[in-house]
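*Asks:* Quick one, structure for this:
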Amino acid sequence: MTQTLTHKPATRKRSLTVSFWLPLFAGVIDVSAITASALLSYYLRFWSPLSPLFPVAWQPKISNYIMYGIVLGIVYVMVSWSYKNYASRIRIPLEREIGRIIRGSLLAMGLVLAGIFFYREFSYSRLVFLMTLAIMIPALTIARTVFQRVQISLFKKGVGVQRIAIWGSGEIAKKIWREFEKSRTQGFELVGAIGAAPIESGPSLGSAAQLKNLTFEHDLDMIIMSPPPGEEHRMAEISHAAEGLPLELLYVPSAVDASPSRIQVTEVGGRPILKLKTLPMSGWRYVVKRAMDFGFSALFFVIFWPLFALIALAVYLDSGKPVFYKQARVGMDGREFDMLKFRTMKVSAEKESGPVWAVRGDTRTTRVGKFLRRWSLDELPQFWLVLSGQMSLVGPRPERPHFVEEFSSYIPQYLDRHRVKAGLTGWAQVSGLRGSDSTIEERTVADLYYVENWNLWLDIRIILRTIAAVISGKGAM
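*Replies:* As a prediction, the model looks like this:
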């Protein structure tokens, strides 16, 4: 049976709170702290009672130093982001934050100094640079302390807290349970156990077979797997049950002895935890991808609206109404949506055959439809679905519910294609795995590769290769 979902879970809203809004707030207060440090340094150097110690030949404009502080703050945030200092979903001990602050401050200042070396329109005081570096480290420490207090306050109110369940038994599972019982201020809330609880007083939510219902009934975000030695093979039960669900799977090993490239390491209470599955589209990554989708599709409509009108007229004159073809497809989180295309087949194409795939040279295709399919012009209405957020420019091609149910019954991890938005084009399509020229197993492998390895540059590569394929007509039916 398929695990097609029928409603949007709260998980992604909470994921955005933790992965986007809190890091954004942290970045804003860091930039503010650094800008304030630059202004204080400017005051101490040029206007304070200390300024006579270092004679000033002229009084520079404060606007230049405000800009210097803002640029330094932005560079610091970018440096810290590259080190994933804003990516953590849990509260980091302040002593560890100070080390990160010192490293980020030194690197950011070095980059800004290198840039200013080539800037000839204004001469900055080198003493201000040294004073800024000395002041910004304690200022950032204070800013981080303020942020953590806000973060703890939000977590205590349940804002952004990740709701978790634990699966497993044995001594390690007991220790993890007790650590998570007091981890709400770190951003976690222990809901219960999947299966038998590792401690007698712990509540059991239900079995692994009920995971789909338990996920939405208890609004779960992640499952912590902690099997005793020798029972790691049973994790397949949870992994299979979680296919297609908006859940993160974390594994607490008895010994860290696995390191595939897709596994990520995090920690709770000083204990290493391996992430076997994450939400690829959350936080900054989700916002960046959505911004690209919206901007590109909006621009496309502005430029090519006459083409839409011409195609609609051609379809109508060739075979009458309807101009558009609407069909139910399965998208992110298993939610169904209506996919739009310009109609390329006869109105009664599936009246006798039922749901079947189109093949090259399909006799049901209309005259105009053959031309539209040859150049992939029938797909153009889907830009509206991208603009409205139901689809993305790049992602696994959406499949019909009938086929989703069929394929998920025998293809491992097929439902994990739905962890991201369906796309106009995807890695499978630009890899030559399209339609009857490939098997569903091959396309699933390509789609899962995209889900696990997504980044903005991969999307750009796929878009460029798609444009080249459309121009050449390669792969069209």
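
*Asks:* how about the closest residue to Ile411 other than its chain neighbours, what does it touch?
*Replies:* Once flanking residues are discounted, Ile411 sits nearest to Thr444: 5.4 Å by Cβ to Cβ, 6 or more residues apart in numbering. Where you see a C-beta, it was placed from the backbone N, CA and C, and this is true even at glycine. Thr444 sits next to 407, 411, 413-414, 417 when contact means Cβ atoms under 8 Å, 6 or more residues apart in numbering.

*Asks:* Just among those, which is most surrounded?
*Replies:* Arg417 (31 neighbours; other Cβ atoms under 10 Å).

*Asks:* so what pLDDT did it get?
*Replies:* Model confidence at Arg417, expressed as pLDDT, equals 92.

*Asks:* isn't it right up against Leu448?
*Replies:* Yes: with contact defined as Cβ atoms under 8 Å, Arg417 counts as touching Leu448 (6.8 Å).

*Asks:* so where do the strands sit in the stretch 101-250 of the chain?
*Replies:* 162-168, 188-194, 204-206, 222-226, 248-251 (DSSP state E, counting those that start in this stretch).

*Asks:* May I see the buried residues of the helix or strand containing the residue nearest to Ile411?
*Replies:* Element membership for Thr444 (DSSP states H and E) is helix 440-453. Under the neighbour-count criterion of 16 or more other Cβ atoms under 10 Å, helix 440-453 has 440, 443-448, 450-451 buried.

*Asks:* next one: stretch 209-218
*Replies:* 211-212, 214-216.

*Asks:* CA-only coordinates of that stretch in PDB, if you can.
*Replies:* C-alpha atoms of stretch 209-218 as PDB (Å, rounded to 0.1, in the frame of the first residue of the first chain):
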ATOM      1  CA  ALA A 209       3.800  -0.400  11.300                       C
ATOM      2  CA  GLN A 210       1.700   2.500  12.600                       C
ATOM      3  CA  LEU A 211       4.400   5.100  11.900                       C
ATOM      4  CA  LYS A 212       2.400   7.000   9.200                       C
ATOM      5  CA  ASN A 213      -0.500   7.600  11.600                       C
ATOM      6  CA  LEU A 214       1.700   8.300  14.600                       C
ATOM      7  CA  THR A 215       3.700  10.900  12.600                       C
ATOM      8  CA  PHE A 216       0.600  13.100  12.200                       C
ATOM      9  CA  GLU A 217      -1.200  12.200  15.300                       C
ATOM     10  CA  HIS A 218       1.700  13.300  17.500                       C
END
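
*Asks:* when you give positions from now on, start the count at 2
*Replies:* Sounds good: first residue 2 from here, last item stretch 210-219.

*Asks:* Now that stretch: average pLDDT?
*Replies:* According to the model, stretch 210-219 has a mean pLDDT of 91.

*Asks:* same thing with stretch 381-394?
*Replies:* Mean predicted confidence for stretch 381-394 is 94.

*Asks:* Stretch 335-350 too?
*Replies:* Mean predicted confidence for stretch 335-350 is 86.

*Asks:* roughly how far out does it sit from the chain middle?
*Replies:* Offset of stretch 335-350 from its chain centre (Cα atoms, centre = their mean, to the nearest Å): 28 Å.

*Asks:* circling back to that earlier point, just the contacts of Thr445: which has the poorest pLDDT?
*Replies:* Gln414 (87).

*Asks:* wait, that residue sits on Leu449?
*Replies:* Yes: between Gln414 and Leu449 there is a contact at 6.0 Å, judged by Cβ under 8 Å.

*Asks:* Next, count neighbours for Leu465.
*Replies:* Neighbour tally, Leu465, other Cβ under 10 Å: 11.

*Asks:* swap that for Arg150, please
*Replies:* So Arg150, with other Cβ under 10 Å, has 10 neighbours.

*Asks:* just to revisit the earlier point, how about TSV for the strands of the stretch 102-251 of the chain, with mean neighbour count added?
*Replies:* TSV is the format used below for the strands of the stretch 102-251 of the chain (neighbours: other Cβ atoms under 10 Å):
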stretch	mean neighbour count
strand 163-169	25
strand 189-195	21
strand 205-207	16
strand 223-227	25
strand 249-252	22
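
*Asks:* May I see the ones you listed arranged in TSV, with mean pLDDT and distance to Ile461 as well?
*Replies:* Converted to TSV, the strands of the stretch 102-251 of the chain look like this (pLDDT from 0 to 100; distance: least, Cβ to Cβ, whole Å):
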stretch	mean pLDDT	distance to Ile461
strand 163-169	90	31
strand 189-195	91	36
strand 205-207	92	42
strand 223-227	91	31
strand 249-252	88	27
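
*Asks:* Turn those strands into JSON lines, columns for distance to Ile463.
*Replies:* Listed next are these as JSON lines, based on distance: least, Cβ to Cβ, whole Å:
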{"stretch": "strand 163-169", "distance to Ile463": "31"}
{"stretch": "strand 189-195", "distance to Ile463": "36"}
{"stretch": "strand 205-207", "distance to Ile463": "39"}
{"stretch": "strand 223-227", "distance to Ile463": "29"}
{"stretch": "strand 249-252", "distance to Ile463": "25"}
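
*Asks:* Of all the ones you listed, which one is nearest Ala299?
*Replies:* strand 249-252 (32.2 Å; Cβ to Cβ).

*Asks:* List of residues touching the closest one?
*Replies:* With Cβ under 8 Å, 6+ apart, strand 249-252 has contacts from 222-227, 236, 239-240, 243, 267, 274-280.

*Asks:* Which strands and helices lie in contact with the next helix or strand after that strand?
*Replies:* Going down the chain from strand 249-252, the next helix or strand is strand 265-269, by DSSP H and E. Under the contact definition 3 or more Cβ pairs under 8 Å, 6 or more residues apart in numbering; DSSP states H and E, strand 265-269 sits against helix 172-182, strand 272-278.

*Asks:* and the angle from the shortest one to helix 441-454?
*Replies:* For strand 272-278 against helix 441-454, the angle between stretch directions is 140 degrees (axes from the mean of the first three to the mean of the last three Cα atoms, to 10 degrees).

*Asks:* and what of the first one?
*Replies:* If you take the same axes, to 10 degrees, helix 172-182 sits at 50 degrees to helix 441-454.

*Asks:* I'd like to know how many residues surround Val431.
*Replies:* For Val431, using other Cβ under 10 Å, the count is 22.

*Asks:* what about the helices and strands packed on strand 265-269, which gets the closest to Ile472?
*Replies:* Across these, closest to Ile472 is strand 272-278 (Cβ to Cβ), at 37.3 Å.

*Asks:* name the helices or strands packed onto the closest one?
*Replies:* Short answer (3+ Cβ pairs under 8 Å, 6+ apart): strand 272-278 packs on helix 172-182, strand 249-252, strand 265-269.

*Asks:* Good, wrapping up.
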